[in-house]
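>>> fold the stuff below for me.
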Amino acid sequence: MESTMTLLRQHGLKMFGTNLLGMFIATMAANVLSFLAYIVFMVFYLAGAVSIGLISHLTSSEMWTIVGMIIFMIILVLFYLVIYIVAFLPQGFTVAGSYSMVTEVVWQNRFRFNTYFKHGFSKLKAVIIQLFLIGLLFIPFLFLPILSLILSSVGAGFAFVEGGTFDPNYIGAGMIIFFILSWIPSVFFFLSVLYAPIILIAEDRGPWQSIKDSVRLTFRRFGRVLSTALVGWLYGLLPLLPYFLLIPIVILFQDIDAVVTIGAIIMILYAFLMFILYAFTPLIFQVTAVRWYKTYLRKSVVDDDNDPGPWGDDGVYGFDTFDHYHSYSQPAPSTATDTESKQPSSYPPFPEENR
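Purely as a prediction, here's the structure:
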């Protein structure tokens, strides 16, 4: 199998352009839907306000006013629910499209422009459901930093009450508790769902099943999953390296106006470049993660190691399933009967010899 850098050299520019276009289309579509949702909400809001005012003016009963307020609250809840769903659309579309595109590149070493958009739409619902489930599962982890802060504050309070000053031992213990409860569980959670979208796309499994498979994979091959994440994050940080190297140079030579001016211009241009590269840096991680999954981790997910999967040659999305493949293969005669059937049924008679 080709290395990550080889795949990026062969298909990186094409994937980058496609991903940038897909992100732009998804973001614009989400903005349009959000704008339409705001317009609908304002129409219902104004209509409801006018209706409540008229009802309150024409009737002396407060029941209709209460009913109007309840309807207004229901509309408000539905509005925020629609905005919440719309917020998932760009991320769901780009995750489905980019991972499908990368999976095809890794499995078949070929790039097709329509793969991003075809699977971006077909897998959109499944990816959005999976993102929603991951968000729900992460809710308990949000309370861990709050709990750690409470424990740290209680420890500092005991230290102040007992000695009149803050004891460093209590403060150090509180910081350790804060770190353990805040970061370690969250990091492990994100590692456990790291391969969920990859399994969903590569194995064509459901949202919840792919999450369970990803968690099971993390427990079975934690070292591989952690190394994959570290390598992918390092690849993603490479484009940021010149930016971080430029900052110390500007600080060291801040007394020289020319260096500061040139450095500021370069940093502004690089910031604009990073905005463009925002579509490319996730691809580095995705290519690394999908390639490592196929090479090292897939055997822990599928039952049969020889199963090529949906993206294999004989799979649902494999090479043999595309119409243009059949134009490359022409049936050849395999038996003598096929060869003889192509011979003419009769031959012209031989001319008689002149005697």
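
>>> quick one: contacts for residue 2?
By CB atoms under 8 Å, 6 or more residues apart in numbering, the residues touching residue 2 are 10, 109. Using the backbone N, CA and C atoms, a C-beta is placed for each residue, glycine as well.

>>> any idea how far residue 78 is from it?
Here the criterion is CB to CB, to the nearest Å. By it, residue 2 lies 49 Å from residue 78.

>>> do residue 215 as well
As judged by CB to CB, residue 215 and residue 78 stand 33 Å apart.

>>> and the two? Which one has more around it.
When neighbours are counted by other CB atoms under 10 Å, residue 215 and residue 78 differ, and residue 215 comes out ahead with 17 against 14.

>>> got the contact list for the residue lying closest to that one once chain neighbours are set aside?
Excluding the flanking residues, the one nearest residue 215 by CB to CB, 6 or more residues apart in numbering is residue 192, at 4.6 Å. By CB under 8 Å, 6+ apart, the contact set of residue 192 is 214, 215, 218, 219.

>>> for the lengthiest helix in the chain, packing partners?
Counting residues, the longest helix found in the chain (DSSP state H) is helix 4-58. If you count contacts as 3 or more CB pairs under 8 Å, 6 or more residues apart in numbering; DSSP states H and E, helix 4-58 packs onto helix 63-108, helix 113-122, helix 281-292.

>>> for those, which one sits closest to residue 303?
For the helices and strands packed on helix 4-58, proximity to residue 303 was assessed by CB to CB; helix 63-108 is nearest, at 18.4 Å.

>>> let me see the contact set for the residue nearest to residue 199 when sequence neighbours are not counted.
Leaving aside its sequence neighbours, residue 199 sits nearest to residue 210 (CB to CB, 6+ apart; 4.1 Å). With contacts defined as CB under 8 Å, 6+ apart, residue 210 is in contact with 130, 196, 197, 199, 200, 203.

>>> how about a cut-off of 6 Å?
196, 199, 200 (CB atoms under 6 Å, 6 or more residues apart in numbering).

>>> so which of the residues you listed comes closest to residue 304?
residue 199 (15.6 Å).

>>> any low-confidence regions in the stretch 151-300 of the chain?
151-175, 177-178, 181, 235-236, 238-260, 263-264, 267, 271, 275-277, 279 (pLDDT under 70).

>>> show me where it has helices.
Per DSSP state H, counting those that start in this stretch, the stretch 151-300 of the chain carries helices over the ranges 168-182, 184-192, 196-202, 207-220, 222-237, 241-252, 257-277, 281-292.

>>> now do the longest helix of the chain, average pLDDT.
Average pLDDT, helix 4-58: 81.

>>> stretch 107-123 too?
The model assigns stretch 107-123 a mean pLDDT of 92.

>>> how about it as CSV, C-alpha atoms only?
Only the C-alpha atoms of stretch 107-123 are listed here, as CSV (Å, rounded to 0.1, in the frame of the first residue of the first chain):
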residue,chain,number,x,y,z
TRP,A,107,-8.6,1.6,-0.8
GLN,A,108,-8.3,2.0,-4.6
ASN,A,109,-5.6,4.7,-5.0
ARG,A,110,-7.8,6.8,-7.3
PHE,A,111,-9.7,10.0,-7.0
ARG,A,112,-13.1,10.8,-8.3
PHE,A,113,-14.6,14.2,-8.0
ASN,A,114,-18.2,13.1,-7.6
THR,A,115,-17.4,10.7,-4.7
TYR,A,116,-17.3,13.6,-2.3
PHE,A,117,-20.7,15.0,-3.2
LYS,A,118,-22.4,11.7,-3.9
HIS,A,119,-21.5,10.1,-0.6
GLY,A,120,-21.7,13.5,1.2
PHE,A,121,-25.4,13.5,0.5
SER,A,122,-26.1,9.8,0.8
LYS,A,123,-24.3,9.5,4.2
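
>>> what does that stretch rub up against?
By CB under 6 Å, 6+ apart, the surrounding residues in contact with stretch 107-123 are 11, 14, 18, 22, 93, 96-97, 100-101, 104-105, 311, 319.

>>> give the buried subset of these as a ChimeraX selection command.
Paste this into ChimeraX to select the buried members of the contacts of stretch 107-123, with burial taken from 16 or more other CB atoms under 10 Å:
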select :11,18,22,93,96,97,100,101,104,105,311,319
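
>>> how close does the spatially closest residue to residue 293 that is not a sequence neighbour sit to residue 144?
With sequence-adjacent residues excluded and distances taken as CB to CB, 6+ apart, residue 293 is closest to residue 198, at 5.4 Å. Residue 198 sits 27 Å away from residue 144, going by CB to CB.
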